[in-house]
Structure formats: structure tokens, C-alpha cells
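>>> Got a predicted structure here, sequence first:
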Amino acid sequence: MNIKHTLFFSAILAGSSLIANAQAKPQDTEFYTPVPPVVTPGKTNADAPSDAIVLFDGKNLDQWTMTDNRGTPASWTVADAILTVNKRSGNIETVKSFGNYQLHIEWRVPANITGEGQARGNSGVFLASLGKGDAGYELQVLDSYNNKTYVNGQAGSIYKQFVPLVNVSKAPGEWQTYDVVWIAPTFNDDTTVKTPARVTVFHNGVLVQNNVTLLGPTQYIGQASYTNAKFGPAPIKLQAHGDRSEPLSFRNIWVREL
């Protein structure tokens, strides 16, 4: 095809496009169904919207159970609308299991915190608990305000996997927030991974994990993988870490199923 033919056919295509656009109407790209459900937002960004499941509102731990003995009421301390870790009793997790969700949780390192590195206000939000102990996918909780440690273990990290984009930690004694969008992994019938887990995290309103693809459940030693991962919805777990520092506190926890 020579240049004249090329120009000729280009003109035909351009003309066809103009005719099609001339015949099109604005209504062709306007949709009226399905209508999104109405959700009433909270009075502040931290308040639970109307379609959220409130996991802790400062009153009781009815939505929680002991991880190592499911069915046993959670035995952490509730006082003054605040939930405080009981390190001697162990981890707690939600009674209900979740697939994909949006999570809001607030946490506070004690103002009189001692220690350094990983021994300074250590805890974790396990976005999907895989049973006893620390099995699952951990979003690290730690005092990272002027506290040096390995960067994939500081606050806002996906523990031992992904470093937060920035460090926006507040000083001990101040309340901090995590807002999380969790996309659970899916698996084929032969247990191989169909789609890996993904997570987006805002720490104190700032993006620190941008839709990262997880390598598998958290591993303290060795590389993460999906070798021992489990199927289906899972509870959300809070960690009672065994360090000697003063225990952390949580408040205002809610989740929206997606």
C-alpha cells in the first residue's frame, strides 16, 4: 500500500468516526442501575459508617475471643473505653471471619514506654489470622518515633515483607490510626494460589502501603510463601507480644465487609 492509499483509508476511518460520534447521544454512556446502596458516614472520619460492624466501641469484648482457645471470651482489659493488651493471656481475634474488608483501628503506645527497637511497644494487627500463635498476615504495630529498628519491622510495615513508604509515627502517648483495605488471597482446588493477598494501608491518614501484593503469610524466620496458607475467610487478630515493655492500647475498631 502506497502513501496515497494510506491517506485515503485514514480519511475514511476518520470520517466514519465523526459520523459515529455525530449519531451518538450523551445518554448512551449514562447508567442508572444498579443504584449504589446508601451509607451514612460517621460524624468524623474515625467514626463507624452505618454499614460497618463495630468490633470495639469501648464497652465490651463480645466480638472477640482468645486465639489459642476459640470460644473462650477475650481476657484483655477494658477500662475508660480503651482496650489494653493482656500479655499473659495471649492473642485475641474476632469471633467473626472476614474475606475482603475495610478496617479502622486506633492504637496507642504508652507515654512511659521503655526499651528500644522491637522491644518498644511491639504488637501487631493480623489482617487474616491463620490460627494459634502469630500465624497470619501481620501489619506491624510498634513505637517508631525516634526508635531505630529494621525497616520492614517498623510501624506501618507488612512485617518482614514491605517497608512503609514513609514514617508518620506519632510520639508515645498519642493515639494513632490504621485504615486498611484488605483483599484476601484466593486458591485453586489444588491449593495453589489463584490470586495473592493485597493490602493498602493509611497510617495517621497518610498512605504507607499502596496496594502491595503479599508474598504469603508472615514468617519471622525465612521467606514468606503461601505453602501453609489456608482457604476462606479468617478472623482479624491482635497480638499480645512477649516483650517486656508496657502494653499497648486500642480503641474505636470497626470493619466494613467488601
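Nice, thanks for sending it over. Numbers count the residues shown, from 1 in each chain.
>>> looking at this structure, which helix or strand does the model trust least?
Lowest on mean pLDDT, DSSP states H and E among the helices and strands of the chain sits helix 3-23, with a mean of 60.
>>> May I ask you to confirm that residue 95 is in contact with residue 236?
No: taking C-beta atoms under 8 Å as the definition, residue 95 is not a contact partner of residue 236, at 10.3 Å. From N, CA and C alone the C-beta is placed, and that goes for glycine too.
>>> In terms of neighbours, single out the busier of the two.
Using other C-beta atoms under 10 Å as the criterion, residue 95 and residue 236 rank with residue 236 on top: 26 against 15.
>>> Quick check: chain neighbours aside, which residue is closest to the more buried one?
residue 94 (4.8 Å; C-beta to C-beta, 6 or more residues apart in numbering).
>>> secondary structure class for residue 207?
When classified by DSSP: H, G, I helix; E, B strand; the rest coil, residue 207 comes out as strand.
>>> where exactly do the strands run in the stretch 51-200 of the chain?
53-56, 64-66, 77-79, 82-84, 92-94, 101-108, 123-129, 136-141, 175-183, 186-187, 193-195, 198-203 (DSSP state E, counting those that start in this stretch).
>>> Format the ones you listed as CSV; extra columns: mean neighbour count and distance to residue 40.
Output for these, formatted as CSV (neighbours: other C-beta atoms under 10 Å; distance: least, C-beta to C-beta, whole Å):
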stretch, mean neighbour count, distance to residue 40
strand 53-56, 19, 14
strand 64-66, 21, 26
strand 77-79, 12, 27
strand 82-84, 20, 25
strand 92-94, 24, 23
strand 101-108, 20, 15
strand 123-129, 25, 26
strand 136-141, 26, 28
strand 175-183, 19, 18
strand 186-187, 14, 31
strand 193-195, 12, 32
strand 198-203, 21, 21
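>>> Distance to residue 37 and mean pLDDT added to these, as CSV?
Formatted as CSV, the strands of the stretch 51-200 of the chain follow (distance: least, C-beta to C-beta, whole Å; pLDDT from 0 to 100):
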stretch, distance to residue 37, mean pLDDT
strand 53-56, 15, 98
strand 64-66, 28, 97
strand 77-79, 32, 96
strand 82-84, 30, 96
strand 92-94, 23, 97
strand 101-108, 15, 98
strand 123-129, 25, 96
strand 136-141, 28, 96
strand 175-183, 18, 98
strand 186-187, 25, 93
strand 193-195, 25, 93
strand 198-203, 22, 98
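>>> May I see those strands organised as JSON lines, with distance to residue 227 added?
What follows is these, written out as JSON lines (distance: least, C-beta to C-beta, whole Å):
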{"stretch": "strand 53-56", "distance to residue 227": "30"}
{"stretch": "strand 64-66", "distance to residue 227": "27"}
{"stretch": "strand 77-79", "distance to residue 227": "37"}
{"stretch": "strand 82-84", "distance to residue 227": "33"}
{"stretch": "strand 92-94", "distance to residue 227": "22"}
{"stretch": "strand 101-108", "distance to residue 227": "25"}
{"stretch": "strand 123-129", "distance to residue 227": "16"}
{"stretch": "strand 136-141", "distance to residue 227": "14"}
{"stretch": "strand 175-183", "distance to residue 227": "20"}
{"stretch": "strand 186-187", "distance to residue 227": "12"}
{"stretch": "strand 193-195", "distance to residue 227": "10"}
{"stretch": "strand 198-203", "distance to residue 227": "19"}
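>>> Just tell me which of these ends up closest to residue 248.
Within the strands of the stretch 51-200 of the chain, the stretch nearest residue 248 is strand 123-129; the backing value is 4.9 Å (C-beta to C-beta).
>>> orientation of the closest one relative to strand 198-203 in degrees?
Counting by axes from the mean of the first three to the mean of the last three C-alpha atoms, to 10 degrees, strand 123-129 lies at 150 degrees to strand 198-203.
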